[in-house]
Structures are given as C-alpha cells and as structure tokens.
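K.L.:
Need a 3D model of the following:
(one chain, ligands or ions: 1)
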Amino acid sequence: MAPKHKSGCAKRKKCKRDLALAESQKGALKMYFPATSSVDVNNDNQIEESEHDQDDDHNSNVDHELVTNYNFLNLNVDSLLSLYDPRTWDNLDNSKRDILIEKGPVREMDLVFPKDDEGRHFSYFYYTRKLANEEVIHREWLVYSKEVDKVYCFCCKLFKSNQNRSLLASDGLRDWRRISARLKEHEVSVEHFTNMNTWNELRLRLSRNKTIDDEMQQKVAKEKERWRQVLLRIVSLVKFLAKRNLGFRGTNEKLFEHNNGNFLGSVEMIVEFDPVMQEHIRRIQNKEIHHHYLGHGIQDELILLLADSVKKFILKTIKDAKYFSVILDCTPDVSHEEQMNLIVHYVNMSSNIPRVEEFFLEFLKVHDTSGLGLFNVLMDTLDSLDLDVADVRGQGYENGSNMKGKKSRCSESLA
Ligand SMILES: [Zn+2]
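P.N.:
Below you'll find the predicted structure:
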C-alpha cells in the first residue's frame, strides 16, 4: 500500500516535474493553434479528380479581372512591406503574425516576372485553378516574392510543422517547368489542409476579436493607454518649465518632500486634480511599478527630444526662407577651450508679414582656434544641419580675436 504522506525526495521530484511542465508550457497561450497533422493521409486524391489540367487553357477562359480584383491591399508603408516578404515569416512574433493573418497575403499586380534559363517564368494565372465544372477557384494561399523570384504557400509557411519539407512552406519554389503539378500536389496535401483550416479559424477569430487571449489583449491596450496619458502630462510639464527657463530639480529628488524642485513640485500640484496622475502616484507609492518616468534621466531625455524637435522646426523655417546670416560668438572658457555659439538670422516669410528672426542653434566645440579652424568648424556644422553655405548672406562676429585677426580671419574665409 502506498504511504499516506509522500517522502521528501518524492515531493522534491514532484516539484521538479511541475516546474518542468510550467517551463514547457511557457508561451503556450500565444500559440493559439499549433500546426499538427493528424488527418488520414489516404484521402489525398479526393479533390484531384474533380479538376482537370489547367495548363492547357491558361490563356482561355480565366477571367483576369477576377485576379486583379482579388483581395489586394493598398499598402504603402515600408515597414509593412517587409512584413509581407515571406522570407521574414520564419521568426515572426505573434502580433506580427496576427497582422498578416488578418490582412491576408498581398499581391502586387503588373509585375514582370523574370525568366529562368529555359525561358519560363511565373504567371498570374497560377493564382487561380479551374475545376472540371469550369468553376474558377482562387489560390488564396499562393504568394509570389519578387525579391527572390519564388512562390510560397501563405498558410504552410506561417503554420508549418517541423516535418513539412515542402519548398512552398520553407525556402520557396522556383521550378517553373513543373510549377502547375507541384501546386496541385501541394494544395491536396494533408498538411496544407490542416494549415488552411488553422488560418481560416484564426482569421475568423481575429476578425471577431475573440482570440483566446482576447481579455489579455484588452488589458494590454488599457495599460498602454494609461502610460500614454501619464507621458502626455509629463511631456507637457517639461515643455512648460523649459519654455519659461525654470529650473527642474531641487536638492531633493523625492515626491512630497521639501526642496524637490519645480518638476516634482508641479507633479504634486497636478496630482491634486488629475485622476490619471493620482493613480500613477498611487502605484509608485505602493511599489506596484518601478518605472515612474519622473527621474532626472527621463527629464533630460524629454528636454533633448523637445529641443531636437524645436531645432528641426527652426531649420525648416530657415530653409523656407533660403537666405540667412550667421552670427558667431567665440571666447575661451576657464579651461582655455574655445567655445563658439552659432546664431542664425533670417527673414521669416511664412506669414503675410515678413519678420526678421534670430535663433540660437547650437554650441560648437573648437579645437583649432585659428581663423581657419573656426571656419572649418562652422562649415562642418552647417553641413551637419543640412544648410547650404552658399545661402549665407551675412556674417557677424563678437569677441573672438581670431575672428578679426589680421592674418587668418574666419570672416575672410567665409566671404
Ligand atoms: Zn500550403
């Protein structure tokens, strides 16, 4: 008879087994429908008989319109295009695979297919199949990749199991001589049927927003929105302080303590009225979150991002105005390093009333303090800002002995 209580060793073993099981189930939720092939292999030919050879009448009745009208998406986004390249489908994460499945394969029309050594090439006609009763069926699953001049099976490539050795599911097929036979062979294979089913079911579920982890996805979306709202307030706070040249930090970096500076002080003020920030602070205080986005690193990062965006705007206005003047102020600092700042002066024509404007662009580090050295730094900077030195219509200098030096004046070099 088995003992009532398990021994320590048995308990440890069970614990180990449980852990191993948990490890093996990691991410199992994400794989909504693992590809398996459990259907009887003997049914292979049942569909083969209902169709006839399509090669012979490729040029006859197949309605080309049907092909052109079929499920094409007008996708101009570069990032999405790379997603539609079948070569990238081997290591897709679930979110990308979901996008692919929801949208379905994309076909580009008006491609000129390259010929192989025998002068054969892929054709749009392979996208359809004609049954014995003249019915035209779309090969929805067939994908042509112009990058590699090969065809793939959409669902088998996405859901293939390890046993699937079909080229259509792995490296792609370029056997144009036997393409017709190979496609027919593929579309009646068991694995293909299974994968087609998986694809259809998942597409249906995604379209109804009813995947297994639907609830989880909703939670993630909610959390995303919450963070977006928090960031919105922090960014707007950084903008407010930076605009007014107010100091951000005090001697203390803790919320609700003395001398914690304008930034944290303003956060405290917002918390008095705003439920989003109230919730955020509550989570920080309860140690539910460790990333609070209130530290000095984030403040600096946001200041830099905002500065970058302001600078881009200024540069755009300068380019619209076309001509501009540069004003350089140059003086050695305490450590005898030459410091130069670049100010640009131009006429803003963007509104009805032209305005003369002046903007500081950046500090320049100068190593060679000769006039030529300063000139080179200026040239490099204009270049990096994508401003044309030929559009410089004036120059002003202050306080730099090398600027007005008799021997090698920067102003002369620029003129
Ligand atoms: Zn397939």
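
K.L.:
Let me know the pLDDT of residue 204.
P.N.:
pLDDT for residue 204: 84.

K.L.:
count of neighbours near it?
P.N.:
Neighbours of residue 204 under the rule other CB atoms under 10 Å: 10. Every residue, glycine included, has its C-beta placed from N, CA and C.

K.L.:
Equivalent analysis for residue 207, please.
P.N.:
Counted by other CB under 10 Å, the residues lying close to residue 207 total 10.

K.L.:
For the closest residue to it other than its chain neighbours, which residues are in contact?
P.N.:
Of all residues beyond its chain neighbours, the one nearest residue 207 is residue 102 (6.9 Å), with distances taken as CB to CB, 6 or more residues apart in numbering. Residue 102 makes contacts with 203, 206-207, as judged by CB atoms under 8 Å, 6 or more residues apart in numbering.

K.L.:
Please report how far residue 102 lies from residue 215.
P.N.:
For residue 102, the distance to residue 215 (CB to CB, to the nearest Å) stands at 19 Å.

K.L.:
can you give me the helices for the stretch 51-200 of the chain?
P.N.:
Under the criterion DSSP state H, counting those that start in this stretch, helices of the stretch 51-200 of the chain are mapped to 64-69, 78-83, 94-103, 154-159, 179-187, 190-207.

K.L.:
right, so these: which one is the most enclosed?
P.N.:
Across the helices of the stretch 51-200 of the chain, averaging neighbours per residue (mean count of other CB atoms under 10 Å) puts helix 154-159 on top, at a mean of 25.

K.L.:
other SSEs contacting that one?
P.N.:
helix 94-103, strand 142-145, helix 190-207 (3 or more CB pairs under 8 Å, 6 or more residues apart in numbering; DSSP states H and E).

K.L.:
List the contacts of that helix.
P.N.:
For helix 154-159, the external contacting residues (CB under 8 Å, 6+ apart) are 33, 35, 86, 89-90, 92, 97, 100-101, 104-105, 140-143, 164, 166, 168-170, 186, 191-192, 194-196, 198-199.

K.L.:
That helix near the ion at all?
P.N.:
Yes - on the criterion CB under 5 Å from the ion, helix 154-159 is in touch with the ion at residue 156.

K.L.:
Just the CA atoms of that helix, as CSV, please.
P.N.:
Output in CSV follows, covering the C-alpha atoms of helix 154-159 (Å, rounded to 0.1, in the frame of the first residue of the first chain):
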residue,chain,number,x,y,z
PHE,A,154,1.0,31.5,-47.2
CYS,A,155,-0.5,29.3,-44.5
CYS,A,156,2.0,26.5,-44.7
LYS,A,157,4.9,29.0,-44.4
LEU,A,158,3.2,30.5,-41.3
PHE,A,159,2.0,27.4,-39.6
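
K.L.:
Off-centre distance for that helix?
P.N.:
Distance of helix 154-159 from the chain centroid (CA atoms, centre = their mean, to the nearest Å) equals 23 Å.

K.L.:
Going forward, the N-terminal residue is numbered 32.
P.N.:
From this message on, residue numbering opens at 32, which makes the last subject helix 185-190.

K.L.:
Run a quick neighbour tally on residue 261.
P.N.:
Taking other CB under 10 Å as the neighbour definition, residue 261 ends up with a count of 20.

K.L.:
Now it: which helix or strand?
P.N.:
Using DSSP states H and E, residue 261 sits in helix 245-274.

K.L.:
Who are the packing partners of that helix?
P.N.:
Helix 245-274 sits against helix 292-302, helix 306-316, helix 327-352, with contacts defined as 3+ CB pairs under 8 Å, 6+ apart.

K.L.:
Give me the mean pLDDT for the next helix-or-strand element following the longest one.
P.N.:
Per DSSP H and E, the first helix or strand lying C-terminal to helix 327-352 is strand 355-363. Across strand 355-363, pLDDT averages out at 84.

K.L.:
Which positions in strand 355-363 come out as buried?
P.N.:
355-361 (16 or more other CB atoms under 10 Å).

K.L.:
would a markdown table of those residues with distance to residue 206 be doable?
P.N.:
A markdown table is the format used below for the buried residues of strand 355-363 (distance: CB to CB, whole Å):
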| residue | distance to residue 206 |
| --- | --- |
| 355 | 62 |
| 356 | 67 |
| 357 | 64 |
| 358 | 69 |
| 359 | 67 |
| 360 | 71 |
| 361 | 70 |
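
K.L.:
Around the ion, which positions in this structure sit nearby?
P.N.:
Counting by CB under 5 Å from the ion, the chain sits next to the ion at 184, 187, 223.

K.L.:
and of these, the nearest to residue 301?
P.N.:
Set against residue 301, the nearest of these by CB to CB is residue 187 (53.9 Å).

K.L.:
any idea how far residue 266 is from that closest one?
P.N.:
With distances taken as CB to CB, residue 187 is found 46 Å from residue 266.
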